[in-house]
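*Asks:* I would like to see how this sequence folds:
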Amino acid sequence: MNWPRSRFCLIALVCVALTACASLMPKKQEKPVYDVRSAVVLSSTTMSAELLSGISDRVNAAIRATVHTSELPRVVLTIRIVSIAKGLGFQKDRNVAKVSIDAASVEDGSVIAVTSFEVTSLTADPDLADDILAEDIAARVRSAFALSGR
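*Replies:* Residues are numbered from 1 along each chain as shown. Down below sits the predicted model:
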């Protein structure tokens, strides 16, 4: 009869100890949110105009659709397409873009946030590569700066 009670007490003790340890874990910091006013997409002359305009159109549409209820720092995004590699992989269906973004303050022009990332997209149709890559890049920008919509 003591065996079930001792096991129950041991399990309860372990649960209490784990709960106490969970409160010692650092809290996840929330990333800063900005009131993005506009975005411009820049790249070298070798990038396709369809890709650049696709990114710009999608990001600016998301900016227009985003509504903030509180006062946030107003910024303008400069999205730079650092490099693009198309037709990678065994089936030549992987496209990779390296992107860098600066968020500059509307008030004084100082850069207050910088981020960079790499986007990989897959498409069997090379004619759709720019469109799919533009959507994937715009989705990462929307996610990074808490923008609404597609």
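*Asks:* Can you list the strands that the lengthiest strand in the chain pairs with?
*Replies:* For the chain, the longest strand by residue count, based on DSSP state E, is strand 74-88. Under the criterion DSSP bridges, strand 74-88 sits next to strand 35-43 (parallel), strand 94-105 (antiparallel) in its sheet.
*Asks:* Next secondary structure after the last one?
*Replies:* It refers to strand 94-105. For strand 94-105, the following helix or strand on the C-terminal side (DSSP states H and E) is strand 111-122.
*Asks:* Each with direction, which strands does that next one pair with?
*Replies:* Using DSSP bridges, strand 111-122 pairs in its sheet with strand 94-105 (antiparallel).
*Asks:* and the strand it pairs with, which residues are buried?
*Replies:* If you call a residue buried by 16 or more other Cβ atoms under 10 Å, then strand 94-105 has these buried ones: Arg94, Asn95, Ala97, Val99, Ile101, Asp102, Ala103, Ala104. Where C-beta positions appear, they are placed from N, C-alpha and C, glycine not excepted.
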